[in-house]
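>>> What follows is a protein structure lacking sequence information:
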């Protein structure tokens with residue numbers, strides 16, 4: 001069987017609420033509300049209107065909205081000036097813009113592996 005790498009871009013629009021866990025092999029943007037965990041092999045973006053209550057495991061995350069939970073990234077975590085986070089963070093690199101609100105703890109430099117099931121073509 002041949003495995004395919006997805007280059008999909010998923011969006012959870014403003015005004016949408018999902019209660020449950022999401023797994024994605026591509027990038028995902030949250031402008032609505034997610035109550036649950038999010039795992040992605042790509043980049044996760046939490047927009048200014050986005051709210052996530054749960055855990056994020058991904059390659060890279062950019063937060064402009066609100067996150068409460070745990071974040072583990074393989075590469076970069078970027079907290080934009082409008083972000084409000086209450087998190088336990090494990091990341092390789094951290095960027096915090098002036099104005100960002102960060103409450104929690106951070107462990108940097110450790111390798112975090114994103115373990116996601118691979119899509120298979122049968």
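Alright, I've got the coordinates. Remember, predicted model here, so these are calculated numbers, not experimental data.
>>> Low-confidence bits of this structure, can you list those?
Along the chain, segments meeting pLDDT under 70 span 1-8, 110-122.
>>> Name the residues linked to the most centrally placed residue in it by a beta bridge.
When C-alpha atoms, centre = their mean is applied to the chain, the residue found nearest the centroid is residue 44 (4.1 Å). Beta-bridge partners for residue 44, by DSSP bridges, are residue 28, residue 61.
>>> ok, now which ones touch it?
Counting by C-beta atoms under 8 Å, 6 or more residues apart in numbering, residue 44 touches 27-30, 38, 56, 58, 60-62. Heads up, the C-betas are built off the backbone N, CA and C, glycines and all.
>>> Kindly report the same for residue 31.
Here residue 31 is in contact with 11-14, 47-50, 65 (C-beta under 8 Å, 6+ apart).
>>> so can I have TSV of those showing neighbour count and secondary structure?
Below are the contacts of residue 31 laid out as TSV (neighbours: other C-beta atoms under 10 Å; DSSP: H, G, I helix; E, B strand; the rest coil):
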residue	neighbour count	secondary structure
11	14	strand
12	21	strand
13	11	coil
14	13	coil
47	20	coil
48	13	coil
49	16	coil
50	22	coil
65	21	coil
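>>> hang on, isn't residue 16 packed against residue 32?
Yes: the criterion here is C-beta atoms under 8 Å, and residue 16 meets it with residue 32 at 3.6 Å.
>>> For these two, indicate the residue with more neighbours.
With neighbours defined as other C-beta atoms under 10 Å, residue 16 and residue 32 compare such that residue 32 has more, 19 against 12.
>>> correct me, but the more buried one touches residue 17?
Yes: if you go by C-beta under 8 Å, residue 32 and residue 17 touch, sitting 6.2 Å apart.
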